[in-house]
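> okay, sequence plus prediction incoming.
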Amino acid sequence: MASLTPINRSISIFKNPQLAKPVISLSSTFSPTNPLLLRAKIENLRMPMNGAAPAAVVVATKSAEKQKKRYSGESKGFVEEMKFVAMRLHTKEQAKEGEKETKSPEERPVAKWEPTIDGYLRFLVDSKLVYDTLEGIIDKAAFPSYAEFKNTGLERSGKLAKDLEWFKEQGYKIPGPSAPGITYAEYLKDLAEKDPQAFICHFYNIYFAHSAGGRMIGRKVAEKILDDKELEFYKWDGDLSQLLQNVREKLNRVAEGWTREEKNHCLEETEKSFKHSGEILRLILS
């Protein structure tokens with residue numbers, strides 16, 4: 001009887017999507033000199049392997065799970081993640097990426113707003129309190145990371161002081177801070193002492209929102225009630241795009257030292273930032 005001489009044998013280990021356990025596929029091709037021309041192929045053979053998956057399968061599975069956990073914008077740095085979350089909290093009328101339904105008056109297009117001088121003054125006063133608080137926290141630097149954001153060129157407190165002085169010269173009475181600004185300022189002070197990730201979320205959203213949508217609101221309000229006067233609040237010393245880029249880089253560097261859980265905690269604070277800022281913005285329409 002002719003001997004059976006295997007000329008090719010391959011074993012492949014893979015995970016069959018129809019099975020819960022790894023599968024081994026074994027195929028053997030025998031020499032055509034065999035009078036019986038025997039060919040054997042065993043597929044989808046279950047191999048319990050003591051209940052453990054092959055190491056290659058385990059590695060591949062963990063790699064796939066890691067890929068699923070990538071966050072939108074993550075590959076470009078943490079600021080991009082913050083931007084993605086913030087844009088989703090806009091309405092469709094405010095931004096194409098927006099997912100929020102329009103509910104509050106300040107969420108309508110600015111062209112439909114009916115601002116008043118008194119309301120605008122209350123907005124500027126409360127905004128100044130918030131910026132005073134932010135810039136005081138950064139100057140004090142309870143956490144070393146805060147010192148990264150000193151003298152960025154985005155500071156607004158001094159500019160707002162000039163604007164309020166101008167209104168005073170025009171004969172307007174400057175009101176004191178109201179509940180929205182006072183509440184937000186106290187909240188920021190509390191966060192800054194014990195929750196740096198949450199505080200950085202507010203820092204980012206306040207400054208970056210003002211440099212974008214805030215400028216547009218300022219122009220529209222000026223058209224309606226200030227004879228197109230451009231306030232100092234909407235002016236920066238130097239190239240704004242470069243100032244923003246410098247701060248983006250600083251924010252990304254700070255976030256590199258955070259765990260994924262700390263980053264997620266920061267992102268989760270975005271909604272509170274929008275809530276407080278929205279209450280102050282609404283003063284323009286009061």
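Looks like it came in fine.
> alpha carbons only for contacts and neighbour counts from here, please
OK.
> neighbours of Lys275, how many?
12 (other CA atoms under 10 Å).
> residues touching Ile206, list them.
Ser273, Ser277 (CA atoms under 8 Å, 6 or more residues apart in numbering).
> in which helix or strand does it reside?
Ile206 is part of helix 196-209 when elements are defined by DSSP states H and E.
> could I have the CA atoms of that helix written out in CSV?
Backbone C-alpha positions of helix 196-209 (Å, rounded to 0.1, in the frame of the first residue of the first chain) are rendered in CSV as follows:
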residue,chain,number,x,y,z
PRO,A,196,-9.1,71.7,38.0
GLN,A,197,-10.4,69.7,35.1
ALA,A,198,-13.9,71.1,35.5
PHE,A,199,-12.5,74.6,35.9
ILE,A,200,-10.4,74.3,32.7
CYS,A,201,-13.6,73.4,30.8
HIS,A,202,-15.2,76.7,31.8
PHE,A,203,-12.0,78.6,31.1
TYR,A,204,-11.9,77.2,27.5
ASN,A,205,-15.6,77.8,26.8
ILE,A,206,-15.8,81.3,28.2
TYR,A,207,-12.8,82.7,26.3
PHE,A,208,-13.2,80.7,23.1
ALA,A,209,-17.0,81.3,22.8
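> please state the offset of whichever helix or strand comes after it from the chain centre?
Going down the chain from helix 196-209, the next helix or strand is helix 215-225, by DSSP H and E. The gap between where helix 215-225 is centred and where its chain is centred comes out at 27 Å by CA atoms, centre = their mean, to the nearest Å.
> could you list the buried residues of helix 215-225?
Buried residues in helix 215-225, defined by neighbour count with 16 or more other CA atoms under 10 Å: Arg215, Ile217, Gly218, Arg219, Lys220, Val221, Ala222.
> which residues does the fourth one contact?
When contacts are counted by CA under 8 Å, 6+ apart, Arg219 is found next to Asp228, Glu230.
> switch to 10 Å and redo it
Neighbouring residues of Arg219 by CA atoms under 10 Å, 6 or more residues apart in numbering: Val110, Leu226, Asp228, Lys229, Glu230, Leu231, Tyr234.
> so which of those comes closest to Pro196?
For the contacts of Arg219, the minimum distance to Pro196 (CA to CA) is 27.5 Å, reached by Tyr234.
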